[in-house]
Structures are given as C-alpha cells and as structure tokens.
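Trainee: Got a sequence here, can you build the structure:
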Amino acid sequence: MAPHSSPSGPSRRTLLRNTAFGVSAAALGTPLLSACGGGASGSGKGGTSSKKGLAAALPDYVPSTVGTADIPSVVFPNGSVTEPGYLAYPSEPVTTVKKTPGTGGRYSSSTPIWGTIPAADNQYYQAMSKALGTTITMQPGNGNTYATALATLSAADKLPDWVQIPNWMNGQVQTGELVGKHLADLTPYLSGDNVKEYPNLAAIPSSGWMSGAWEDKVYGIPCFTTGTGFGQLLFYRQDVFQDHGIAAADVKSAADLMSVGKELTDAKAGRWAFDDIWTYFNCAFGVPQKYRVDGGKLVHKYQTPEILEALAWHYKLAKSGLMNPDALAGDVNDGKTRFYAGKTLIAGDGMGAWGVGDAQSGQAANKKYQRGLLPVFAADGNSKPYIYIGSGTQFVSYLNARLKPSQIRELLAVANYLAAPWGSAEYTMSIYGVKGVDYNLVNGVPTATAAGQSTVQQATYPFLAACPNTVNNPGYPEMTKAICAWLKATAPYATKPVFWNLNFTVPSRYSAAESAQAVEDTITSVIHGLKPVSAFQDAVSTWQRNGGDQLVGWYQDDVLAKYGTGQ
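Mentor: Next comes the predicted model:
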C-alpha cells in the first residue's frame with residue numbers, strides 16, 4: 001500500500017486505543033478487501049454478504065449492563081455512535097464471568113505487536129492461562145512484517161489455532177480464500193440468540209461482527225469495535241496555538257488553515273506549521289474515500305474534480321515553505337517526534353493518537369505540551385463538512401477450521417472472558433495483569449510496574465478478543481472530557497463511505513489496478529511539490545487504460561449492482 005493511499009494500514013502503535021492503553025483503528029473504514037485469485041462476490045471465495053443473509057447470520061446485540069459511563073454514548077441518525085467516556089477506574093471491578101471459562105485445552109496463537117516482543121511463557125502469560133483455564137501459547141509477531149509472516153504460514157497450511165488478521169492485511173494474507181477452508185465458520189455458535197451463551201460477546205455491536213463476515217457467514221471475532229472509527233483527523237499543538245492567540249474554532253476553510261500556517265511557521269527557529277496531511281485532509285475537499293455513486297454510476301476518486309482541487313492545494317502547500325522539510329522529503333517515521341518537539345504544529349492521525357501515552361511523551365519533550373483536534377470543516381468554508389465513519393473494527397481474530405466443535409466452544413468461552421466490559425475484573429486482568437506484580441494502584445489509577453511494561457503493556461491477548469472501545473485516560477479525566485466533547489460535536493457530520501464494512505474478494509486480474517501503485521506514487525510526488533497536478537492526470541489516464549476502467553466496471557456490476565453500497 002502506498003504511503004498516502006490510506007491510513008488503514010499504518011505500522012505503528014498509534015493505531016491502538018483499546019480501552020486502557022488505547023486501541024482504535026486509525027483506519028478510515030475502507031472496504032475489507034481480499035485481493036486474491038478466483039471469482040467475484042458470491043463465488044465461494046470470500047465474497048460479499050447479502051443484506052438479508054448477513055442479518056440472519058449476525059449475533060444478536062445485547063448491551064452490557066455492567067458499569068455506568070460518566071459520559072454516555074450518543075446515537076445519531078447517520079449511523080455513528082460515540083464511545084462512552086469513563087473518568088475514573090472502578091475501585092472494585094465487577095466479575096462478569098462466574099466460572100473458569102476453559103476446560104484445560106492447549107492452543108497456539110498469533111497476534112501482531114508494534115513494540116518489543118515479550119519473553120515467551122512469562123509470568124503474565126502463566127497467570128492468564130490459570131485465569132482462563134486454557135493454555136494459549138502467545139506468539140506475537142512484528143506488526144511491520146506480520147502480513148508477510150501470515151501469508152507464509154497460510155500458504156504452508158500452518159496457521160495457528162487462533163490468529164489475528166487485521167483487515168488491511170486481508171489482501172496479502174488472502175483471507176477471502178481462507179474462510180471456510182482454513183478459518184472456522186462461527187455462525188452456528190454465534191448467530192442470533194446463540195451468542196447469548198457468551199454475554200460479553202453479545203455486547204459487541206453488529207458493526208464489529210460485520211467486519212469478520214464473509215458470504216453471509218460470521219467467521220471473525222471483532223476486537224476494539226467502534227461506532228465512529230474516524231480516521232481523517234487534523235491534530236494541532238493546542239499550547240502553541242494558545243501562545244499565538246489562535247483559536248481552533250476560527251479555522252473554517254483551507255484558506256484559513258494556510259493563513260494560520262503562515263502565522264505559525266518560523267523556519268529560522270526550526271518550526272513549521274505542517275507535517276504531511278494529504279491522507280487526512282483531502283476529504284475536506286470532497287474527495288471520496290475510494291468511490292462515490294453519481295446517478296447510479298460508480299465513480300472512482302481518481303476521476304473526480306475534487307481530487308484535482310485537493311492536489312492543487314497540497315502542491316501549493318509543498319511550495320509554500322510552511323511544511324517541515326523532513327515531512328516534505330517523505331520521512332513518515334518521525335512525525336510524532338516532530339510534533340512533540342514543536343517542529344510541526346499541525347499533523348494528521350487517527351483517534352488513537354490522543355491518549356495518556358501521547359500526553360506523557362509530549363510533556364517529556366515540553367511541559368506545556370497539549371494536543372487538540374481541529375473541528376471538521378469543508379475546504380471552501382461554505383459547504384457542509386463531513387467525516388467518514390470507519391468500519392466496525394480493523395482488528396478481527398479467527399479460529400482454525402481444523403478445531404473440533406468442543407474446542408471452538410472452549411475458545412469462544414475464552415473470548416467471552418477477554419471481551420469483558422471496561423473496568424471489569426476480567427478486563428483488569430487482561431489489560432493490566434496481576435495486581436502487585438504487573439501493576440499497582442497509584443492514586444486510583446492502574447499503573448504498570450517494570451514487569452508489566454515489558455509483558456502486559458505489549459498487548460497480546462486483546463488482539464484475540466476485546467470489549468468495544470471506550471474513551472478513558474486514567475489520571476487524565478479532562479482529556480477524556482475533551483475527546484468525548486469533540487466526538488459528540490463531530491458525529492453529526494459523519495457519513496458512511498461507499499461499500500462501508502463490506503468484505504469482498506477482488507479477482508486477481510485486477511490486483512494491479514486495485515493497488516494503483518503508480519498513481520499513488522505520483523500523488524506523493526505532487527503533494528511533495530516534485531511533480532505538477534498534470535502528472536497525476538497522466539498517471540490516471542494510464543491507469544484507466546491498464547485495467548482501472550475494468551476494475552471500476554467490476555465494482556459496478558459485481559458489487560454495487562448485486563449488494564448495494566453498504567451505506
């Protein structure tokens with residue numbers, strides 16, 4: 001995937017905003033593709049689900065009654081649901097699973113990790129095995145190379161018993177061809193009221209289960225389900241804005257943003273207003289996430305006039321002297337460091353960027369450090385703004401099809417434990433480990449010990465199953481209030497992108513056109529000021545001739561016409 005094609009597959013820990021340490025996909029909720037061989041949707045190779053068939057397969061949704069949020073969720077008519085906010089950790093976590101879930105089985109697993117891989121069979125893993133009554137051999141893999149490793153395992157038919165496959169890796173791992181053959185169909189165990197045997201799994205909203213559904217069957221167990229999943233966000237250094245007397249609410253257009261950039265940039269002082277924000281700001285110009293439907297006809301984002309306008313603005317930005325030179329040179333790895341150091345003041349990211357870890361890292365660089373989110377606005381300053389709702393989750397785990405029904409039931413019982421609600425006893429164990437060993441309570445906040453930092457905080461079990469996302473930042477209640485307020489103010493502008501939350505397999509003959517690497521590389525050159533916008537137009541013309549038009553036709557005839565937009 002090209003650096004600027006989508007933030008749905010970043011290989012860094014800012015993806016994560018799980019209830020305690022921060023997991024929320026920064027991804028934009030693009031269709032959950034698996035670009036592998038074989039036929040179109042409905043071919044038996046990981047195709048799209050029909051609306052009727054999916055409704056019959058999905059588990060019933062039974063919200064948890066454990067705990068009361070300090071800031072309740074808000075449901076909006078457009079389908080967005082803000083995440084509940086919690087200001088303090090429960091002093092007495094409630095037990096939701098009354099008996100040990102496992103029956104003594106032993107299983108292998110694989111999960112991604114963006115950090116140091118913990119030692120095998122460490123104390124935390126041993127304590128979890130005892131709590132679960134099941135031994136799951138945790139084998140986390142480097143998140144940056146995880147897709148390649150999984151593809152190798154699947155090709156050799158050596159997938160573990162329980163495996164996490166992030167949705168943006170579906171194409172490389174060929175998830176669409178694995179479901180039913182190598183990955184177990186969970187529909188008989190979870191569809192409808194069957195899921196009530198596992199109350200914590202039943203408390204996962206339907207949008208999460210849709211992310212692991214293929215061809216009218218449920219295969220995946222969702223982790224970190226969200227009702228917003230907003231990914232195209234512009235963060236700013238709130239402390240620096242305040243020092244310069246700039247109010248974020250006054251930034252209402254792309255022209256305003258550029259003006260603020262001019263006011264804040266001081267190259268001699270090593271301070272530039274902008275990092276590379278293309279991925280996160282093109283939506284403001286009306287650029288579709290990938291497709292839009294005009295009069296029943298599917299239109300690719302490359303073919304819209306809005307993308308030309310967006311590229312022209314970003315080309316101007318690249319030439320303006322307002323963008324950090326390292327960002328302009330394509331250095332994406334040090335963006336956080338630049339932001340903390342005040343070398344950039346406006347940067348794009350997902351919601352996972354705003355949390356306790358960020359505050360601690362930023363304040364280590366500058367005691368005044370404070371992150372803020374710009375309001376959502378349309379580039380022209382007049383049109384109604386919008387923001388895309390992300391998919392229900394970007395993280396889905398699967399069970400191996402070779403498992404016996406009794407083993408699947410045992411692992412679903414384990415998943416039920418791992419999906420216990422925020423602040424529960426099971427959640428506390430999964431996320432923080434053993435009190436006095438992996439964490440201690442400091443002013444009422446679970447705080448990792450050195451042992452916990454090296455084992456528990458390098459998240460593993462939550463990638464097998466986890467409760468729906470919440471907003472909570474132990475020890476930073478004002479941050480939680482600010483995030484919840486921003487979500488509530490922004491959610492009314494949310495819209496579902498075309499093919500929202502749908503899984504389907506793109507035939508291999510269209511793989512090159514689907515990735516459109518040459519076009520994406522040209523976009524990178526344009527937004528870095530190396531090529532004019534006309535170079536993008538030339539690249540798109542070539543793309544259309546070399547399969548792009550046929551790809552759009554396939555989406556039109558085999559997905560849109562048969563299954564609708566998913567909106």
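
Trainee: what does stretch 302-321 contact?
Mentor: 254, 258, 261-262, 265, 267, 274, 277-278, 281-282, 284-288, 292, 301, 323, 328, 379, 516, 519, 523, 526-529, 532-533, 536-537, 540, 543, 548 (Cβ atoms under 8 Å, 6 or more residues apart in numbering). Every residue, glycine included, has its C-beta placed from N, CA and C.

Trainee: before we move on, what about stretch 327-339?
Mentor: Stretch 327-339 has contacts (Cβ under 8 Å, 6+ apart) with 3, 12, 14, 235, 237, 272, 274-276, 318, 324, 326, 344-345, 347, 361-362, 524, 528-529.

Trainee: Show the buried residues in those.
Mentor: Buried residues within the contacts of stretch 327-339, defined by neighbour count using 16 or more other Cβ atoms under 10 Å: 3, 12, 14, 235, 237, 272, 274-276, 318, 324, 326, 344-345, 347, 362, 524, 528-529.

Trainee: Which ones among the contacts of stretch 302-321 map onto helices?
Mentor: 254, 258, 261-262, 278, 281, 328, 519, 523, 526-527, 533, 536-537, 540, 543 (DSSP state H).

Trainee: For the nearest residue to W272 once chain neighbours are set aside, give its distance to T344.
Mentor: Nearest residue to W272, sequence neighbours excluded (Cβ to Cβ, 6 or more residues apart in numbering): N324, at 4.2 Å. Going from N324 to T344 by Cβ to Cβ, to the nearest Å gives 5 Å.

Trainee: Spit out the residues that contact the two alike.
Mentor: Joint contacts of N324 and T344 (Cβ under 8 Å, 6+ apart) are W272, F274, D275, R338.

Trainee: and T447, backbone torsions?
Mentor: phi -120, psi 120 (degrees, to the nearest 10).

Trainee: Equivalent analysis for A379, please.
Mentor: phi -60, psi -40.

Trainee: Confirm for me that it is in contact with C283.
Mentor: No - using Cβ atoms under 8 Å as the test, A379 is too far from C283 to be in contact (9.1 Å).

Trainee: Where does pLDDT dip in the protein?
Mentor: Counting by pLDDT under 70, the chain contains low-confidence ranges at 1-46.

Trainee: Of the ones in helices among the contacts of stretch 302-321, which pair is most distant in space?
Mentor: Largest separation among the ones in helices among the contacts of stretch 302-321 by Cβ to Cβ: K262 and W543, giving 35.2 Å.

Trainee: G227 falls within a strand, correct?
Mentor: No - counting by DSSP: H, G, I helix; E, B strand; the rest coil, G227 is not found in a strand; it is coil.

Trainee: How about the contacts made by it?
Mentor: Neighbours of G227 in contact, by Cβ under 8 Å, 6+ apart: S73, V75, S80, V81, T82, E83, P205, S207, P468.

Trainee: So how do I select the buried members of these in ChimeraX?
Mentor: Typed into ChimeraX, the line below selects the buried ones among the contacts of G227, using 16+ other Cβ under 10 Å:
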select :73,80,81,82,83,205,207,468
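
Trainee: could you redo the contacts of G227 as a markdown table and give each row distance to D60 and secondary structure?
Mentor: As requested, these are exported to a markdown table (distance: Cβ to Cβ, whole Å; DSSP: H, G, I helix; E, B strand; the rest coil):
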| residue | distance to D60 | secondary structure |
| --- | --- | --- |
| S73 | 19 | coil |
| V75 | 18 | strand |
| S80 | 22 | coil |
| V81 | 17 | strand |
| T82 | 22 | coil |
| E83 | 21 | coil |
| P205 | 11 | coil |
| S207 | 14 | helix |
| P468 | 15 | coil |
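
Trainee: from the contacts of G227, which single one is nearest E92?
Mentor: Proximity of the contacts of G227 to E92 (Cβ to Cβ) peaks at P468, which lies at 22.0 Å.

Trainee: and the gap between the closest one and W114?
Mentor: With distances taken as Cβ to Cβ, P468 is found 21 Å from W114.

Trainee: Over to Y386?
Mentor: 30 Å.

Trainee: Likewise for Y493?
Mentor: 30 Å.

Trainee: Would you mind listing the buried residues in stretch 126-133?
Mentor: Of the residues in stretch 126-133, those buried (16+ other Cβ under 10 Å) are A127, M128, S129, A131, L132, G133.

Trainee: An error on my part: the question was meant for stretch 320-337.
Mentor: For stretch 320-337, the neighbour count (16+ other Cβ under 10 Å) marks S320, L322, M323, N324, D326, A327, L328, G335, K336 as buried.

Trainee: okay, how far is it across that stretch, tip to tip?
Mentor: This stretch, stretch 320-337, spans 22 Å end to end (Cα to Cα, to the nearest Å).

Trainee: F274 contacts K343, doesn't it?
Mentor: No - with contacts counted by Cβ under 8 Å, F274 stays clear of K343, the gap being 10.7 Å.

Trainee: re the thing from before, quick one: the residue nearest to W272 and A267 touch, right?
Mentor: No - using Cβ under 8 Å, N324 is not in contact with A267, being 9.5 Å away.

Trainee: Identify, from the shared contacts of N324 and T344, the entry nearest to G444.
Mentor: R338 (34.3 Å).

Trainee: how deep is that closest one tucked in, by neighbour count?
Mentor: Using other Cβ atoms under 10 Å, R338 is surrounded by 20 other residues.

Trainee: So it: helix, strand or coil?
Mentor: helix.

Trainee: circling back to that earlier point, wait, which of the buried residues of stretch 320-337 is closest to P188?
Mentor: Using Cβ to Cβ, K336 comes nearest to P188 of the buried residues of stretch 320-337, at 44.6 Å.

Trainee: The closest one and D266, how far apart?
Mentor: 21 Å.

Trainee: Equivalent analysis for A415, please.
Mentor: For A415, the distance to D266 equals 52 Å [Cβ to Cβ].

Trainee: Name the residue in the two with the higher neighbour count.
Mentor: Higher neighbour count among A415 and D266: A415, with 24 against 10, using other Cβ under 10 Å.

Trainee: so what's the more buried one closest to, chain neighbours aside?
Mentor: Excluding the flanking residues, the one nearest A415 by Cβ to Cβ, 6+ apart is A465, at 3.8 Å.

Trainee: pretty sure the one you found is in contact with F224, am I right?
Mentor: No - shown here, A465 and F224 do not form a contact pair, counting by Cβ under 8 Å, at 9.9 Å.

Trainee: shared neighbours of these two, anything?
Mentor: Contacts common to A465 and F224, judged by Cβ under 8 Å, 6+ apart, are absent.

Trainee: thinking again about what came up before, which of the contacts of stretch 302-321 are buried? Put it as a ChimeraX command.
Mentor: Only the buried members of those enter the following ChimeraX selection, criterion being 16+ other Cβ under 10 Å:
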select :254,258,261,265,274,277,278,281,282,284,285,286,287,288,292,301,323,328,379,516,519,523,526,527,528,529,533,536,540,543,548
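
Trainee: show me where the stretch 51-200 of the chain has helices.
Mentor: 51-57, 123-132, 146-155, 170-173, 175-178, 187-190, 199-202 (DSSP state H, counting those that start in this stretch).

Trainee: wait, which of those is closest to G433?
Mentor: helix 123-132 (4.8 Å).

Trainee: Now for A451: which residues touch it?
Mentor: Q123, Y124, V437, D438.
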